[in-house]
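[1] Mind looking at a prediction? Sequence and model below.
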Amino acid sequence: MIIAFLFIAILAQAQSPLIISERERARVVDELLEDRLRQVLPALMRREGFDMWVIISREYNEDPVIRTLLPATWFAARRTTMLIAFDPGPEKDLEYLAVSRYDVGKMFKRAWDPDANPDQWAQLGKIITDRNPKKIGINKAPHYGHADGLTANDYDNLVRVIPKNLHARITSAEKLAVAWLETRTDREMVIYQQICRIAHDIIREGFSDQVIQPGITTTDDVVWWYREKIRELKLDTWFQTSVSIQRNEPEAVTAKRPQPLVIMPGDLLHVDFGITYLRLNTDTQQHAYVLKPGETEPPAYLKDALKQGNRLQDILTSHFREGRTGNEILKATREQALAEGITPSIYTHPIGFHGHAAGTTIGMWDMQGGVPHTGDYPMHLNTAYSIELNCTVNVPEWKRDIRIQLEEDGFFDASGFRYIDGRQRELIGIPKADGVNRQ
């Protein structure tokens with residue numbers, strides 16, 4: 001019996017996705033960064049019309065973009081970190097410079113000798129002046145916080161150290177910064193599938209009788225189990241997991257029960273969960289059902305409710321088009337969903353280096369008529385999204401409405417849209433039962 005138990009435990013561990021060591025992660029992160037700087041940034045700078053991008057950040061006050069440009073062994077900017085990407089012209093490689101005492105990673109080469117010129121800012125001004133760029137991008141942005149990392153003090157210093165004739169060439173690099181953050185490479189997408197699979201596997205383990213004992217386990221118990229599991233696997237998260245319950249009673253009655261709620265048979269559970277691994281983030285919402293005695297699968301009416309959520313996902317992603325704005329996609333999706341008798345709420349966002357990432361915003365929970373500015377940003381190829389939404393479904397058996405709240409990470413490229421590691425098509429059964437697991 002003991003041998004059999006050990007065999008099952010070893011088999012389960014062997015079937016779990018590989019999570020590499022910290023040393024290997026650093027190597028992979030640096031390789032991905034080098035690939036992006038060689039293959040992605042040159043095309044984006046030329047697309048957006050910049051021949052120079054200047055990123056300046058001080059230690060403990062990091063620009064959101066600079067974190068994506070630092071080597072894996074740098075956890076923050078050091079003193080004042082200055083990075084420059086300069087495009088010398090067509091058919092030439094970008095020049096990557098660090099106004100620093102040392103190279104910053106493999107690509108950004110040291111371009112300052114403090115012994116020869118102690119003034120770091122003056123050296124920055126000399127580098128810019130010598131190259132005489134036509135359009136200088138800085139991270140000063142009105143709409144995307146991700147691209148607004150240059151402080152007022154650093155901006156003032158930058159203007160001070162370059163000639164006045166170059167001042168008019170300084171402009172917001174908002175679109176360039178967003179493009180850099182949102183664009184995914186082929187290799188990143190191969191790795192992203194594994195990251196999403198790890199997240200899916202953790203969700204399924206938490207929504208199982210290995211973690212949940214109906215009548216004893218509370219929603220908070222499951223929340224903190226997820227938090228500990230993430231730490232146990234040496235992963236990170238970018239938000240606190242939430243676990244909630246919908247059950248066969250008026251919503252007001254559920255709300256008045258002692259919190260956190262004890263999980264009971266017949267409950268429809270919901271989780272909102274994400275991990276951070278290799279600088280990429282996931283964001284997932286799924287449902288589980290706690291089987292009652294004698295039940296072998298969730299009730300048909302809950303299965304049908306989930307199908308409505310899946311249908312809403314399909315409607316949304318069918319409207320993805322290169323160049324179409326988030327507000328246009330939102331409008332078309334809501335009109336079609338309502339015409340099909342679905343009550344939608346759509347709040348889909350980009351995913352990548354940040355959880356709520358830069359790129360095309362498709363609705364917010366309190367902005368179903370459109371989102372100013374970020375909703376007007378057009379969709380580009382090779383970008384990833386958390387397909388986040390819910391639909392309200394009336395369940396006569398419960399004499400109330402329920403909400404099917406789903407979120408799955410997907411990728412959009414020239415071939416269309418696909419989910420990175422599939423999506424929930426069937427409710428997770430607790431305890432596990434054949435035929436009710438994610439496909």
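    Arrived safely, thanks for sending. Numbers count the residues shown, from 1 in each chain.

[2] ok, which stretches of the stretch 151-300 of the chain are helices?
    For the stretch 151-300 of the chain, the helices defined by DSSP state H, counting those that start in this stretch occupy 152-160, 164-167, 174-182, 186-206, 219-232, 251-256, 300-318.

[3] and among the ones you listed, the most buried is which?
    Sort these by mean neighbour count, taking mean count of other CB atoms under 10 Å, and helix 174-182 sits at the top with a mean of 24. In this view, the C-beta of every residue, glycine as well, is placed from N, C-alpha and C.

[4] So which residue is dead centre in this protein?
    The centroid of the chain falls nearest to I351 when counting by CA atoms, centre = their mean (2.7 Å).

[5] returning to that earlier point: any idea which of the helices of the stretch 151-300 of the chain scores lowest on pLDDT?
    Ranked by mean pLDDT, the helices of the stretch 151-300 of the chain bottom out at helix 251-256, which scores a mean of 92.

[6] Give me the helices and strands touching that helix, please.
    Of the remaining helices and strands, none touches helix 251-256 by 3 or more CB pairs under 8 Å, 6 or more residues apart in numbering; DSSP states H and E.

[7] Any chance you could list what contacts that helix?
    With contact meaning CB atoms under 8 Å, 6 or more residues apart in numbering, helix 251-256 is reached by I245, Q246, R247, L261, R400.

[8] Let's see that helix as CSV, backbone CA atoms only.
    Extracted as CSV, the C-alpha positions of helix 251-256 are listed here (Å, rounded to 0.1, in the frame of the first residue of the first chain):
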residue,chain,number,x,y,z
GLU,A,251,-27.7,36.4,-2.8
ALA,A,252,-28.6,38.7,0.1
VAL,A,253,-28.8,35.6,2.4
THR,A,254,-25.4,34.4,1.3
ALA,A,255,-23.9,37.9,1.9
LYS,A,256,-25.2,37.9,5.5
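
[9] For V271, give the beta-bridge partners.
    Under DSSP bridges, the beta-bridge partners of V271 are V243, Q286.

[10] Could you report the neighbour count for it?
    Using other CB atoms under 10 Å, V271 is surrounded by 24 other residues.

[11] so it sits right up against R204, yeah?
    No: between V271 and R204 there is no contact under CB atoms under 8 Å: 10.2 Å.

[12] which regions of the stretch 1-150 of the chain sit below the pLDDT cut-off?
    1-15 (pLDDT under 70).

[13] Going along the chain, name the strands of it.
    With DSSP state E, counting those that start in this stretch as the criterion, the stretch 1-150 of the chain has strands at 52-58, 80-86, 95-98, 109-110, 136-138.

[14] right, and those strands - which one's nearest G294?
    strand 52-58 (60.6 Å; CB to CB).

[15] thinking again about what came up before, dump the contacts of helix 251-256 to JSON lines, plus neighbour count.
    Shown next, in JSON lines, are the contacts of helix 251-256 (neighbours: other CB atoms under 10 Å):
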{"residue": "I245", "neighbour count": "18"}
{"residue": "Q246", "neighbour count": "21"}
{"residue": "R247", "neighbour count": "21"}
{"residue": "L261", "neighbour count": "17"}
{"residue": "R400", "neighbour count": "15"}
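
[16] Reformat the strands of the stretch 1-150 of the chain as JSON lines; add distance to V40.
    Formatted as JSON lines, the strands of the stretch 1-150 of the chain follow (distance: least, CB to CB, whole Å):
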{"stretch": "strand 52-58", "distance to V40": "13"}
{"stretch": "strand 80-86", "distance to V40": "11"}
{"stretch": "strand 95-98", "distance to V40": "13"}
{"stretch": "strand 109-110", "distance to V40": "19"}
{"stretch": "strand 136-138", "distance to V40": "15"}
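
[17] Tabulate those in TSV, adding columns for distance to N153 and mean neighbour count.
    TSV is the format used below for these (distance: least, CB to CB, whole Å; neighbours: other CB atoms under 10 Å):
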stretch	distance to N153	mean neighbour count
strand 52-58	9	24
strand 80-86	10	23
strand 95-98	20	20
strand 109-110	24	14
strand 136-138	13	24
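
[18] how's this structure carved up into domains?
    22-181, 184-430 (automatic domain parsing).

[19] tell me how far the last one is from the chain's mean position?
    Averaging C-alpha coordinates over domain 184-430 and over its chain gives two centres that are 13 Å apart (CA atoms, centre = their mean, to the nearest Å).

[20] With stretch 148-160 instead?
    Distance of stretch 148-160 from the chain centroid (CA atoms, centre = their mean) equals 28 Å.

[21] Now do it: everything it contacts.
    Taking CB under 8 Å, 6+ apart as the rule, stretch 148-160 contacts 54-58, 61-66, 80, 121, 124-125, 138-142, 167, 170, 174.

[22] Let's have the helices of the stretch 151-300 of the chain in TSV, adding distance to P431.
    Formatted as TSV, these follow (distance: least, CB to CB, whole Å):
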stretch	distance to P431
helix 152-160	57
helix 164-167	68
helix 174-182	41
helix 186-206	12
helix 219-232	15
helix 251-256	23
helix 300-318	17
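
[23] Quick one: closest of those helices to D283.
    Nearest to D283 among those is helix 186-206 (8.6 Å), distances taken as CB to CB.

[24] what angle do that closest one and helix 219-232 make?
    140 degrees (axes from the mean of the first three to the mean of the last three CA atoms, to 10 degrees).

[25] Tell me the helices and strands packed up against helix 186-206.
    Checking 3+ CB pairs under 8 Å, 6+ apart, helix 186-206 ends up next to helix 22-39, helix 219-232, strand 268-273, strand 280-281, strand 284-290, strand 400-413.

[26] 7 Å - rerun?
    If you count contacts as 3 or more CB pairs under 7 Å, 6 or more residues apart in numbering; DSSP states H and E, helix 186-206 packs onto helix 22-39, helix 219-232, strand 268-273, strand 280-281, strand 284-290.
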